[in-house]
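# need a 3D model of the following:
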Amino acid sequence: MKQNPVLGLAFALPAILLIGIFLVYPTIQTVRFSFYDGVGLNLDQYEYVGLENYVNLFTRDNGFFNIDRFPPTGAVFNTILWLVLYPVFTVSLGLLIAVMANIVRYEVLVKTIIFVPMAISFTAAGIIWRFVYSPDERTGILNAVYTALSGQEPIPWLGRTDMVNFGIIIAAVWLSTGFCMVVLSAALKSLPGEVLEAARVDGANNWNTFWRIMVPMLWPTIVVVATTQIIGVLKAFDLVFIMTNGGPRGSSEIIGYTMYNETFQNGRAGYGMAVAVIMLIVVLPFVYLNIKRFRIERQ
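Numbering: from 1, shown residues only. Next comes the predicted model:
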């Protein structure tokens, strides 16, 4: 049957229009206005400043990028901390729980309990974890346990610059592990049983079967899940906003929060859009790798 390119274009046109209006055009405008600066949200009154916003971000804005001290501080390095810890723990815990739940009798119950946090909005989860970390041991369960066991004074978990990022990351891991578990569990169940059985017949124990058979076969799915988590980190905003509002003293700001803060709190939309463009540049390599992998699998 001869294909009609006009008919194909007609079917694709609505999707092309939606992508153009809601994705391509806003992206072009964001890049354009990142070269302007001013105060307020009326971008028509902004002044063209070229690359000044980008230069200021990396040379003058210590809240965004500060290498004058060790360890370095700022939203960029907080985001790097997230990129290192958050995907590693969510994917590792999700895979571990998927494998262990697969061999117990109450698999559905276990998975349901782990997945429950996914049904909670990030805003509600942020409020819940603020109570968990509360310095008042009568409210914060963590300090209640800590003071009862150690006899020490309560710790302001979200009030210390050396602890606050780890506290928020733990809350994020609690929220997202269920998603990783469900995806990896589905991939685990699709593995050919005869391969696993052949490995056991050849004398492989459970540990060797997991590392030498399961993980390599699950690797494409693991990469997809990890990429999803990485992109989620680069867009993260709500947990930081609800739990700490970037504090104390800006020590928990990440790139997504900085974009919001500069645009809507400080009224510097051009500066905030420069941050958004940096986020886009960081995300693009991960998107490209995913697309490339999908093409290889399809071939």
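
# for the longest helix seen in the chain, packing partners?
With secondary structure taken from DSSP state H, the chain has its longest helix at helix 269-298. Under the contact criterion of 3 or more C-beta pairs under 8 Å, 6 or more residues apart in numbering; DSSP states H and E, helix 269-298 touches helix 25-33, strand 36-37, helix 52-59, helix 215-235, helix 255-260. Yep, even glycine has a C-beta here, placed from its N, CA and C like the rest.

# do you know which of these lies nearest Trp207?
The minimum distance between Trp207 and the helices and strands packed on helix 269-298 falls on helix 215-235, with 11.1 Å, by C-beta to C-beta.

# buried residues in that closest one?
Residues 217-218, 221-222, 224-234 are the ones in helix 215-235 that count as buried (16 or more other C-beta atoms under 10 Å).

# now for it, which elements pack on it?
Checking 3+ C-beta pairs under 8 Å, 6+ apart, helix 215-235 ends up next to helix 75-101, helix 164-189, helix 255-260, helix 269-298.

# output that helix as PDB, nothing but the C-alphas.
Presented in PDB, the C-alpha positions along helix 215-235 are these (Å, rounded to 0.1, in the frame of the first residue of the first chain):
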ATOM      1  CA  VAL A 215      21.700  -6.700  36.600                       C
ATOM      2  CA  PRO A 216      23.200  -6.900  33.100                       C
ATOM      3  CA  MET A 217      19.800  -7.800  31.700                       C
ATOM      4  CA  LEU A 218      18.100  -5.100  33.600                       C
ATOM      5  CA  TRP A 219      20.700  -2.500  32.800                       C
ATOM      6  CA  PRO A 220      18.700  -0.700  30.000                       C
ATOM      7  CA  THR A 221      15.800  -0.200  32.400                       C
ATOM      8  CA  ILE A 222      18.100   0.900  35.200                       C
ATOM      9  CA  VAL A 223      19.600   3.500  32.900                       C
ATOM     10  CA  VAL A 224      16.100   4.800  32.000                       C
ATOM     11  CA  VAL A 225      15.000   5.000  35.600                       C
ATOM     12  CA  ALA A 226      18.300   6.700  36.600                       C
ATOM     13  CA  THR A 227      17.900   9.200  33.800                       C
ATOM     14  CA  THR A 228      14.400  10.000  34.900                       C
ATOM     15  CA  GLN A 229      15.600  10.600  38.500                       C
ATOM     16  CA  ILE A 230      18.500  12.800  37.300                       C
ATOM     17  CA  ILE A 231      16.100  15.000  35.200                       C
ATOM     18  CA  GLY A 232      13.800  15.200  38.200                       C
ATOM     19  CA  VAL A 233      16.600  16.500  40.300                       C
ATOM     20  CA  LEU A 234      17.400  19.300  37.800                       C
ATOM     21  CA  LYS A 235      13.700  20.300  37.900                       C
END
